[in-house]
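K.L.:
just coords:
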């Protein structure tokens, strides 16, 4: 089946963001590492490392290749998506395996593999936009930056009549995502000791 997008009037104002490439990857990693520093699920998966910068240093470059990762122009927040039909190419190298081990040790490797397999099992198979990460630096929360960051792609979702999906790891963020049209589909845990993760889905808005 060939899918043809239905273009509609955008409900969100267009915003100017800086696309992330090799020149500013380090800045995006630093922003997300700081924004997610207290994230219960990622910290559990990585076995409570001193910093999440190595985690985003491993994962974010794979998403950056898809050209849907962008920064707030003032460096206050960042977001990274995967588009419909886009595939991730995870570089399985000895060097990356060593980085994972240094990040979380043997327990971290086990937990990251388990979490990856679990989220893949529940990941929707129909075409959609997937929000991998969105974060605002702690000192800039409550200023509407997160709303502007997420609206950048949600506008595209509505224009293209395309749903969106994300995995929310903090209960206090549920209201934020629900305010943007996402609904909880399922609550999961990677293990008994793991914090909950909410799988959320958003249907495109019809104007």
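P.N.:
Received the coordinates, thanks. Everything quoted here is computed from the prediction, not taken from an experiment. Numbering: from 1, shown residues only.
K.L.:
Counting by contacts, list what the top helix by length along the chain packs against.
P.N.:
Looking across the chain with DSSP state H, the single longest helix is helix 94-122. Packing partners of helix 94-122 (3 or more C-beta pairs under 8 Å, 6 or more residues apart in numbering; DSSP states H and E): helix 40-45, helix 53-64, strand 183-188. From N, CA and C alone the C-beta is placed, and that goes for glycine too.
K.L.:
what's the following helix or strand after it?
P.N.:
If you walk from helix 94-122 toward the C-terminus, the next helix or strand you reach (DSSP states H and E) is strand 129-136.
K.L.:
Please name every helix or strand in contact with that next one.
P.N.:
Going by 3+ C-beta pairs under 8 Å, 6+ apart, strand 129-136 lies up against helix 25-35, helix 53-64, strand 77-82, helix 145-160, strand 164-168.
K.L.:
average pLDDT for it?
P.N.:
Mean pLDDT, computed over strand 129-136, is 96.
K.L.:
Next: stretch 109-124.
P.N.:
For stretch 109-124, mean pLDDT is 92.
K.L.:
is it fair to say residue 190 lies in a strand?
P.N.:
No: assigned with DSSP: H, G, I helix; E, B strand; the rest coil, residue 190 falls outside any strand and is coil.
K.L.:
any idea what sits nearest it, other than its immediate chain neighbours?
P.N.:
Nearest in space to residue 190, with sequence neighbours left out and distances taken as C-beta to C-beta, 6 or more residues apart in numbering, is residue 115 at 4.7 Å.
K.L.:
Of the helices and strands packed on helix 94-122, which is nearest residue 23?
P.N.:
Nearest to residue 23 among those is helix 53-64; the distance by C-beta to C-beta comes to 10.8 Å.
K.L.:
Cheers, nothing more for now.
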